[in-house]
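Colleague: 3D, please:
(2 chains, ligands or ions: 2)
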Amino acid sequence: MTTVGDGVLVQANGLVKRFGEFTAVGGIDVAVRKGEAFGFLGPNGAGKSSTMRMVACVSPRTEGELSVLGMDPDRDGPRIRARLGVVPQLDNLDTELTVRQNLQVYGRYFGLSRATVRAKATELMEFAQLSERADDEVEPLSGGMKRRLTIARSLVNDPELLLLDEPTTGLDPQARHLLWDKLYRLKQQGVTLIITTHFMDEAEQLCDRLVVMDHSRIVAEGAPSALIKQYSTREVLELRFNPGEQQDALDNGVADLVERIEVLPDRLLLYTENGESTLETAHAKGIRPLSSLVRRSTLEDVFLRLTGRSLVD
Amino acid sequence: MSTTQTDTRVVSPLLRIAPTGMYARRARMLVERSVLVSRKMWLIILSGFFEPLFYLLAFQVGFGKLVETVQGPGGQTMSYVAFVAPALLASSAMNGAVYDSTFNIFFKMRYQRLYEGVLATPLGPLDIAMGEISWALVRGVLYAVAFFAVVSGMGLVTSPWALLMVPVAILIAFAFAAIGMAATTWIRSTTDFGLIQLVLIPMFLFSTTFFPLSVFPGAVQVIIQIFPLYHGVELMRGLATGVLDPSMLGHLAYLVVLAVVGMLVAARRLRVLLLR
Ligand SMILES: Nc1ncnc2c1ncn2[C@@H]1O[C@H](COP(=O)(O)OP(=O)(O)O)[C@@H](O)[C@H]1O
Ligand SMILES: [Mg+2]
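Modeller: Residues are numbered from 1 along each chain as shown, chains lettered A, B, ... in the order given. Ligands and ions are numbered 1, 2, ... in the order given. Down below sits the predicted model:
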């Protein structure tokens, strides 16, 4: 058994999850510290949800060590779950109850008194900006509202650790930003967050530290800025060409301008410390892109570098 | 999963053998939830009460005129309506429980994914099974008490033992809710409910509900004695007429075993399906 260091809420060593012959999580090592926002970034099927479900004590691990809040999920599942908040990938709100009843009944599952859940529901509806919909059914709510209600519900027991599985997938940009704002506030209040996402902007916005997951394994780990520094350049020059002309540019030696180039079906990504000057050099070599764009490197570039594929396809 | 958890709280020996995490002793929270939901379902609940009453009426004014008397459990002659009434009480307890534990549970499990949310809290599969079965049982009891009041008002029960028909109705509801929920965990789509109907209808018709066991050929009698409802009907009829028999302990045991086994199977299946 590994010793769980001070302030480490989740510790996994060689954690494995198999479904029959299929390996969903292939031996990962993770340590999540108290107070941080920790991310699992990876494409669909990487094994993020399977990992989250093991941490949430609703899926027994196949192999390896796992400690959550200093306890073993196999032995102390109910005791651990009492102190967790869980936002599953797919909303599982109680569609036979109203917004308020959803919060109250869920609080009762945690053994809270009727008076406590009544007060808690009012407070959480305020937080989730759902007070006006208190006595409405859940089904007609928008996707963003349902997600906020699910998050509110996960907070009913004042969890020390909040697990959010793709909290904003399927939401429009406005709803996403509202949700990020809520999560940011929780983080300020000292709640430890574990977030899975396949959106690099979400990971960059919310996570202090993250692991990049691909094909059931962790391929990189660190703070978003450190990962970008380690695996990418400061800037990226994106070049788009008329159909067919991208190959001409490659034949013209565009790749020699930079240390690393990624060839995507619709554009070239040139990794460089200074995008503008690389663009000038390209022009000087007679390369004439249809359009060009200089931007900062993101986690998307990190993922591309590590796996050769895009995060979102 | 470890099966050797030591728990200082007082838990019945049966529950202590369950693997860790199966049971948090909060099954009542699911009953609370059902009570909240039921406020919107009062019409369905009410219809479950009228169903056996309509049957009774049909026998009182219809059949009762054609077949006036039959031989009762003690060999005595009794009115046909008095013969059928206790059986209808048993089957109404069954129907209320089955409705709740099949359709409703299926919907909550497959479409609403309610239990996945519940299992993310300290509650375990046995809390869910116990909570849901208890609710089905509450409904069964409501029907039974109301029906019992009507039947005794009509003078169709003739023994003080008949008061025990209410706890027996509870047991019948419990047993059927438990096997209903266990069976539902194997149902994949709504068309499979046809199978449940296929079992329920002959059980309702032939569990000595409308005619005594002796009218069936010997081989068929054996099959009928496997039907759980048969045991419920025999208990009810014996109590209604005050004809007590040691075989009633056997009927009782049969239903108790079904109730307990059904509940444990349902909890185990929930774990297999949802805690993968
Ligand atoms: N209950 C299950 N049974 C069989 N395979 C599963 C199950 N859950 C997940 N998987 C498989 O495990 C892999 C990882 O899934 P998941 O953890 O959901 O990934 P992610 O959340 O990163 O998209 C997928 O290929 C998925 O099909
Ligand atoms: Mg997932």
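
Colleague: If you tally nearby residues, what's the number for residue B:240?
Modeller: 28 (other CB atoms under 10 Å in any protein chain shown). Just so you know, the C-beta spots here come from the backbone N, C-alpha and C atoms, and that holds for glycine as well.

Colleague: Ramachandran angles for residue A:237?
Modeller: When read as degrees, to the nearest 10, the backbone of residue A:237 gives phi -100, psi 120.

Colleague: Tell me how far residue A:39 lies from residue A:195.
Modeller: Using CB to CB, to the nearest Å, residue A:39 is found at 5 Å from residue A:195.

Colleague: Give the intersection of the neighbour lists for these two.
Modeller: Counting by CB atoms under 8 Å, 6 or more residues apart in numbering or on different chains, the shared contacts of residue A:39 and residue A:195 are A:203, A:206-207.

Colleague: so what's the closest residue to residue B:162 other than its chain neighbours up against?
Modeller: Of all residues not flanking residue B:162 in the chain, residue B:240 sits nearest, at 5.1 Å (CB to CB, 6 or more residues apart in numbering or on different chains). Counting by CB under 8 Å, 6+ apart, residue B:240 touches B:82, B:85-86, B:151, B:156-159, B:161-162, B:165.

Colleague: Buried subset of those, written for ChimeraX?
Modeller: A single ChimeraX command selects the buried members of the contacts of residue B:240 (16 or more other CB atoms under 10 Å in any protein chain shown):
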select /B:82,85,86,151,156,157,158,162,165
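
Colleague: Which of the contacts of residue B:240 fall in strands?
Modeller: In strands, defined here by DSSP state E, there are no members of these.

Colleague: any idea which helix is longest in chain A?
Modeller: helix A:173-188 (DSSP state H).

Colleague: Now for residue 156: which residues touch it?
Modeller: Using chain A here. Contacts of residue A:156 by CB under 8 Å, 6+ apart are A:85, A:103, A:106-107, A:110, A:112, A:117, A:120-121, A:124.

Colleague: was after chain B, sorry
Modeller: Residue B:156 neighbours (CB under 8 Å, 6+ apart): B:79, B:81-82, B:85, B:240.

Colleague: Show me which residues of the stretch 51-200 of chain A are close to ligand 2?
Modeller: residue A:89 (CB under 5 Å from the ion).

Colleague: Which residue does the stretch 51-200 of chain A have closest to ligand 2?
Modeller: Nearest to ligand 2 in the stretch 51-200 of chain A, going by CB to the ion, is residue A:89, at a distance of 4.7 Å.

Colleague: Which helix or which strand is home to that residue?
Modeller: Element membership for residue A:89, per DSSP states H and E: none, as it lies in no helix or strand.

Colleague: how about the nearest residue to it, chain neighbours excluded?
Modeller: residue A:165 (4.1 Å).

Colleague: and what of residue A:10?
Modeller: Closest to residue A:10 by CB to CB, 6+ apart is residue A:32, at 4.1 Å.

Colleague: Poorly predicted segments of the chain, please.
Modeller: Answering for chain A, as no chain was given. In the predicted model, chain A carries pLDDT under 70 at residues A:1-6, A:313.

Colleague: sorry, should have said chain B
Modeller: Ranges of chain B meeting pLDDT under 70: B:1-20.

Colleague: at 50 what do you get?
Modeller: B:1-11, B:13-17 (pLDDT under 50).

Colleague: For it, what lies in contact range of ligand 1?
Modeller: residue B:276 (CB under 6 Å from any ligand atom).

Colleague: the helices in chain B, which residues?
Modeller: Going by DSSP H, chain B shows helices at B:13-16, B:28-38, B:42-58, B:64-66, B:80-99, B:105-106, B:114-119, B:125-153, B:165-184, B:193-206, B:218-224, B:228-241, B:247-274.

Colleague: between the ones you listed, which one is nearest to residue A:94?
Modeller: helix B:114-119 (6.0 Å; CB to CB).

Colleague: Run the chain-centre distance for that closest one.
Modeller: Distance of helix B:114-119 from the chain centroid (CA atoms, centre = their mean, to the nearest Å) equals 25 Å.

Colleague: again with stretch B:186-194
Modeller: Worked out by CA atoms, centre = their mean, stretch B:186-194 lies 20 Å from the chain centre.

Colleague: Work out the sheet partners of the strand or helix carrying the residue nearest to residue A:10 and label each with its direction, please.
Modeller: Remark: residue A:32 resides in strand A:22-33, with elements defined by DSSP H and E. When sheet partners are counted by DSSP bridges, strand A:22-33 sits next to strand A:8-19 (antiparallel).

Colleague: Tell me the buried residues in the partner strand?
Modeller: For strand A:8-19, by 16+ other CB under 10 Å, it's A:8-12, A:15-17.

Colleague: got a markdown table for those, with distance to residue A:50 too?
Modeller: As requested, the buried residues of strand A:8-19 are arranged in a markdown table below (distance: CB to CB, whole Å):
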| residue | distance to residue A:50 |
| --- | --- |
| A:8 | 21 |
| A:9 | 19 |
| A:10 | 15 |
| A:11 | 18 |
| A:12 | 12 |
| A:15 | 10 |
| A:16 | 10 |
| A:17 | 5 |
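
Colleague: Report how many residues lie close to the closest residue to ligand 2 within the stretch 51-200 of chain B.
Modeller: Residue nearest to ligand 2 within the stretch 51-200 of chain B: residue B:116 (13.8 Å; CB to the ion). When neighbours are counted by other CB under 10 Å, residue B:116 registers 18.

Colleague: what's the answer for residue B:190, then?
Modeller: 12.

Colleague: Compare the shared contacts of residue A:39 and residue A:195 and tell me which has the most neighbours.
Modeller: Highest count within those by other CB under 10 Å belongs to residue A:203, 27 neighbours.

Colleague: roughly how far apart are that residue and residue A:45?
Modeller: According to CB to CB, residue A:203 stands 17 Å off from residue A:45.

Colleague: Ok, residue B:51 next?
Modeller: Taking CB to CB, one finds residue B:51 at 50 Å from residue A:45.

Colleague: repeat for residue B:138
Modeller: Taking CB to CB, one finds residue B:138 at 44 Å from residue A:45.

Colleague: more crowded one of the two?
Modeller: Here residue B:138 and residue A:45 are set side by side on neighbour count (other CB under 10 Å), and the busier one is residue B:138, at 19 against 14.

Colleague: in the sheet, who's paired with residue A:10?
Modeller: With DSSP bridges as the criterion, residue A:10 is bridged to residue A:32, residue A:68.

Colleague: Helices of the stretch 201-313 of chain A, start to end?
Modeller: Ranges of helices within the stretch 201-313 of chain A are A:224-231, A:245-251, A:275-284, A:299-307, based on DSSP state H, counting those that start in this stretch.

Colleague: what sits against the residue nearest to residue A:89?
Modeller: A:48-49, A:52, A:87-89, A:196.

Colleague: And the helices in the stretch 51-200 of chain A?
Modeller: A:73-81, A:99-109, A:114-127, A:143-154, A:173-188, A:200-206.

Colleague: Let me have these in JSON lines, adding distance to residue A:274 as columns.
Modeller: Shown next, in JSON lines, are the helices of the stretch 51-200 of chain A (distance: least, CB to CB, whole Å):
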{"stretch": "helix A:73-81", "distance to residue A:274": "49"}
{"stretch": "helix A:99-109", "distance to residue A:274": "52"}
{"stretch": "helix A:114-127", "distance to residue A:274": "45"}
{"stretch": "helix A:143-154", "distance to residue A:274": "40"}
{"stretch": "helix A:173-188", "distance to residue A:274": "30"}
{"stretch": "helix A:200-206", "distance to residue A:274": "22"}
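
Colleague: Which among the ones you listed is found nearest to ligand 1?
Modeller: Each of these has some distance to ligand 1 by CB to the nearest ligand atom; the shortest is helix A:200-206, at 13.3 Å.
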